[in-house]
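> Provided below for reference: sequence and predicted model.
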Amino acid sequence: QEEIQEVKDEGNLEVLFDSLDKIVEEAENREEPAWRPSGIPEEDIRSAMVPYLLKHRSYLRKVLKEKEEENRKVAESVLAGRDRIAELQQLIQARKRAWQ
């Protein structure tokens with residue numbers, strides 16, 4: 001008895017046993033069984049990873065759409081700049097000819 005009590009005191013077993021009792025009581029109130037691994041890691045991780053991956057895919061699609069819109073606006077700006085440069089070159093040529 002004395003040795004058992006000593007082991008309990010050293011390992012703080014009373015607290016651990018109390019928490020174990022609490023877990024068991026909570027489990028008794030559950031209607032559905034607790035999750036257990038199937039033994040196939042790929043299948044076990046799938047249920048946790050699929051929602052995360054779907055959320056991440058949605059985020060990446062949103063970012064891609066934003067970047068494509070940004071690129072479209074930049075491309076329009078570049079084309080407008082090129083058109084303006086062409087107009088200015090024609091104006092320069094016209095003034096150069098008029099000056100000569």
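Arrived safely, thanks for sending. Numbering: from 1, shown residues only.
> next one: Glu66 from Ile23, what distance?
46 Å (C-beta to C-beta, to the nearest Å). Where C-beta positions appear, they are placed from N, C-alpha and C, glycine not excepted.
> what's the longest helix in this protein?
helix 41-99 (DSSP state H).
> how far off centre is it?
From the chain centre to the centre of helix 41-99 is a distance of 23 Å (C-alpha atoms, centre = their mean, to the nearest Å).
> helices and strands around that helix, which ones?
Of the remaining helices and strands, none touches helix 41-99 by 3 or more C-beta pairs under 8 Å, 6 or more residues apart in numbering; DSSP states H and E.
> where are the low-confidence patches of the chain?
Applying pLDDT under 70 to the chain flags no residue at all.
> so which residue is smack in the middle of it?
For the chain, the residue whose C-alpha lies nearest the mean C-alpha position (C-alpha atoms, centre = their mean) is His56; its distance is 4.3 Å.
> distance of that one from Gln89?
For His56 relative to Gln89 (C-beta to C-beta), the value is 48 Å.
> Ile23 now?
80 Å.
> check Leu60 too.
For Leu60 relative to Gln89 (C-beta to C-beta), the value is 42 Å.
> and for Ala98?
Distance from Ala98 to Gln89, by C-beta to C-beta: 15 Å.
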